[in-house]
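Engineer: Show me how the following folds:
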Amino acid sequence: MSAIKVLSPQLANQIAAGEVVERPASVLKELVENSLDAGAKRIDIEIEQGGVKLIKIRDDGHGIPEHELALALSRHATSKIDNLEDLEAVGTLGFRGEALASIASVSRLALTSNSGDSSGWKAVSEGRDMEVELKPAAHPQGTSVEVRDLFFNTPARRKFLRTEGTEYNRIDDSIKKLALSRMDVAFSLRHNQRAQLTLRPASSQAEQEKRVADICGPAFMKDALYVDNDRTGIRLWGWMGLPTFSRSQADLQHFFVNGRAIRDKVVSHAVRQAYQDVLYHGRHPAFVLFLEIEPADVDVNVHPTKHEVRFRDSRSIHGFVYSTLHRALSQDRPQDHLQTSESGLNTNQDAEQQAGQSTIQFPSGSPLGAQESLSNVQGYSSGPQGHGFQSRPQSFGVNTPMAAYQGLYATEMPTEEGDIPPMGFAVAQLKGIYILAENAQGLIIVDMHAAHERITYERMKTAFDDQGLVSQPLLVPESLAVSQREADMAEQSGEVFAQLGFVVERAANESIIVREIPAILRGSEVESLLRDVISDLIEHGTSERIRNHINEILSTMACHGSVRANRKLSVPEMNALLRDMEATERSGQCNHGRPTWSQLTLDELDKLFLRGR
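Structural biologist: Prediction:
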């Protein structure tokens, strides 16, 4: 070990560069964030050789005055914070004042800017000596930064870079994330003199949805719910994918806090909990969500790359995110994705269809022939409730699942097209698996087992909640050895456990005793479940594990109690199932995340048969 000494400015900058300048994409991120902080409304980006040869950012922000250009390349020089109070309520993307100095220490950097009071000035710096050369340069108001030959003076760092294509893909991902964070800013991207991305400013919701579709793909927007929820000092808005649009990887998850893309354990846990009841195990939801809170309520000074934050009240944030997304998913029903029948058939029908042939009719001898023609279908009533269906049965037998449907619905039929319910009327059953129904848009295909499974499950949950949790004393109380911290949490959370049907007592400094458990969990692995719950309470201040475990049991019961394949249903039974789908929460997917229904419009059917050509 040598004597203690102060590091040279160049070495200190290169050490800092190791934290914030990992690869070309991280350089681009820092520079674009500077442009956004400068009030830019248009940002043009040029890349060569995956960013290793050149990264050029040009913006129309407020610019940098001549006397501040050289200072801008100094370490810990920033205009974004001035005192401790500013640091505790950061309202900008950058604030440390390290990015430009760190980038300049490992590249050949040119900074050209015009603050509006001159024709512009240019500051040039090369990584070796960090000396800054200043000279006049023509430039409109705004700033341009050129970063050439990245890591030219640190070959050990450069050899860790990937191929040009890989580095460019990382840049592309970074730009798209930044473009999502600031919808009001125009972006353009060129790579090796070829245009790759052009995004116009998006102010209206329709324009924002187009930008999201351009970045995340039209399939995401087609299967996304828009959410917008606010309370005093906090707002969550954006788009969340339907459970049927799940992913094998968590590669389409964008969460922004005050315009900053972040990864946070509290948020991730809240999102997983919201989707818990509607996704396959191992599948991941897709979302583009924006959380707006007071800057003082979130600490962004946690990590050099600023990808992580710390919330002042993480329990409140967790609850707000979870409740917002959970409510949106629970309120999603098939009719939300179908045009209302009052608007009529939105199709390019042939003259014969326009003349009045607006129903699907099968010949009586057809393999697809319904048990009754549509004109004789029972099961629909535009009664006083105003929903197009009569009240559901008060009692529902799991062992005789379809019996509850018999004779429940009136024989009254609609007299005009405006009375057609969203899921339409059943016309046939296919192979004992699918229900075929006609609605205002065309053909509805329903997986009857998946749909009935969800309906049964939701009813069982409602009945379970209404009746409350019945606790069962253990014949021999179970003792668990835990840490002192876990025992403290269990003791403090006695009311939480009581609400969930548990009686948990502290027995010693590092021991707890379980005396009662919910009767429905009899035979379950209670010890591991309780340990996980206590861990959640310590980490997140809340836990849904017990409720989720109960739901898993109810889901299994619902699956076994639902109508099985090859069960022949009458037309009234099929119509009753369709009406219940319209009234049941989350009926668009079964308990395992599979879709329960699909729509084929007349336009789509016409294309299948080349009609109109």
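
Engineer: going forward, measure contacts between C-alpha atoms and count neighbours the same way
Structural biologist: Will do.

Engineer: May I see the buried residues of the longest helix along the chain?
Structural biologist: In the chain, with assignment by DSSP state H, the single longest helix is helix 448-467. Of all the residues in helix 448-467, those buried under the rule 16 or more other C-alpha atoms under 10 Å are 448-461.

Engineer: Ok, stretch 136-146 next?
Structural biologist: Buried, per 16+ other C-alpha under 10 Å, within stretch 136-146: 139-146.

Engineer: want to throw the residues you listed into a markdown table with pLDDT and distance to E527?
Structural biologist: Converted to a markdown table, these look like this (pLDDT from 0 to 100; distance: C-alpha to C-alpha, whole Å):
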| residue | pLDDT | distance to E527 |
| --- | --- | --- |
| H139 | 94 | 69 |
| P140 | 94 | 68 |
| Q141 | 95 | 66 |
| G142 | 96 | 62 |
| T143 | 97 | 61 |
| S144 | 97 | 61 |
| V145 | 97 | 59 |
| E146 | 97 | 59 |
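
Engineer: quick one: the nearest residue to Q208 once chain neighbours are set aside and V185, what's the gap?
Structural biologist: Spatial nearest neighbour of Q208, excluding adjacent residues (C-alpha to C-alpha, 6 or more residues apart in numbering): A202 at 5.1 Å. According to C-alpha to C-alpha, to the nearest Å, A202 stands 7 Å off from V185.

Engineer: A286 too?
Structural biologist: Distance from A286 to V185, by C-alpha to C-alpha: 24 Å.

Engineer: Which one's more surrounded, those two?
Structural biologist: A286 (24 against 20; other C-alpha atoms under 10 Å).

Engineer: which residues touch the more buried one?
Structural biologist: Residues near A286 by C-alpha atoms under 8 Å, 6 or more residues apart in numbering: 220, 240-241, 245-247, 250-253.

Engineer: V227 contacts M240, correct?
Structural biologist: Yes. Using C-alpha atoms under 8 Å, V227 makes contact with M240 at a distance of 7.5 Å.

Engineer: ok, and R531, which helix or strand is that part of?
Structural biologist: Using DSSP states H and E, R531 sits within helix 526-540.

Engineer: Kindly provide the whole-number mean pLDDT of the longest helix of the chain.
Structural biologist: When pLDDT is averaged over helix 448-467, the result is 86.

Engineer: just checking, next helix/strand downstream of it?
Structural biologist: Once the chain leaves helix 448-467, the next helix or strand it forms, by DSSP H and E, is strand 471-481.

Engineer: Please name the strands paired to that following strand in the sheet, noting orientation.
Structural biologist: Next to strand 471-481 in the sheet, as set by DSSP bridges, lie strand 511-518 (antiparallel).

Engineer: Report the mean confidence score over the partner strand.
Structural biologist: Mean pLDDT, strand 511-518: 91.

Engineer: What of stretch 217-236?
Structural biologist: Stretch 217-236 comes out at a mean pLDDT of 93.

Engineer: mind checking how far stretch 460-477 is from the chain centre?
Structural biologist: Distance of stretch 460-477 from the chain centroid (C-alpha atoms, centre = their mean, to the nearest Å) equals 33 Å.

Engineer: List of residues touching that stretch?
Structural biologist: In contact with stretch 460-477 (C-alpha under 8 Å, 6+ apart) are residues 500-502, 513-520, 551, 554, 558.

Engineer: mind running it again at 7 Å?
Structural biologist: 500-502, 513-519, 554 (C-alpha atoms under 7 Å, 6 or more residues apart in numbering).

Engineer: Can you tell me the number of residues neighbouring the nearest residue to P334 once chain neighbours are set aside?
Structural biologist: The shortest distance from P334 to any non-neighbouring residue, by C-alpha to C-alpha, 6+ apart, is to G588 (5.8 Å). Number of residues near G588 (other C-alpha under 10 Å) recorded here: 30.

Engineer: cool, and L605?
Structural biologist: 13.

Engineer: roughly how far apart are it and S483?
Structural biologist: Going from L605 to S483 by C-alpha to C-alpha gives 64 Å.

Engineer: And for R506?
Structural biologist: 12 Å.

Engineer: Compare these two (neighbour count), which wins?
Structural biologist: R506 (19 against 13).

Engineer: Identify the residues contacting that one.
Structural biologist: 487, 491, 512-513.

Engineer: Can you tell me which of those is nearest S479?
Structural biologist: Comparing the contacts of R506 against S479 with C-alpha to C-alpha picks out I513 as the nearest, at 4.5 Å.

Engineer: Show the contacting residues for the closest one.
Structural biologist: For I513, the contact set (C-alpha under 7 Å, 6+ apart) comprises 477-480, 504-507.

Engineer: Can I have the buried ones of those residues as a ChimeraX selection?
Structural biologist: Buried subset of the contacts of I513, written as a ChimeraX selection, criterion 16+ other C-alpha under 10 Å:
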select :479,480,504,505,506
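
Engineer: Same list (the contacts of I513) but as CSV, adding distance to G541 and pLDDT.
Structural biologist: Below are the contacts of I513 laid out as CSV (distance: C-alpha to C-alpha, whole Å; pLDDT from 0 to 100):
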residue, distance to G541, pLDDT
P477, 26, 91
E478, 25, 90
S479, 24, 92
L480, 21, 93
V504, 18, 93
E505, 19, 93
R506, 19, 94
A507, 23, 93
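
Engineer: nearest residue to I215 other than its sequence neighbours?
Structural biologist: K176 (6.2 Å).

Engineer: before we move on, back to that, of V227 and M240, who's got more company?
Structural biologist: The residue with more neighbours, out of V227 and M240, is M240; 25 against 17, by other C-alpha under 10 Å.

Engineer: how about P572, secondary structure?
Structural biologist: Following DSSP: H, G, I helix; E, B strand; the rest coil, we place P572 in the helix state.

Engineer: Can you pull out the low-pLDDT segments for the stretch 451-600 of the chain?
Structural biologist: Low-confidence segments of the stretch 451-600 of the chain (pLDDT under 70): 468-469.

Engineer: can we see that at 80?
Structural biologist: 463-470, 499-501, 520-525, 539-550, 552-566, 592-593 (pLDDT under 80).

Engineer: just the stretch 1-150 of the chain next, same as before
Structural biologist: 1-2, 9-20, 75-76, 81-82, 84, 86-87, 94-98, 117-118, 127-131.
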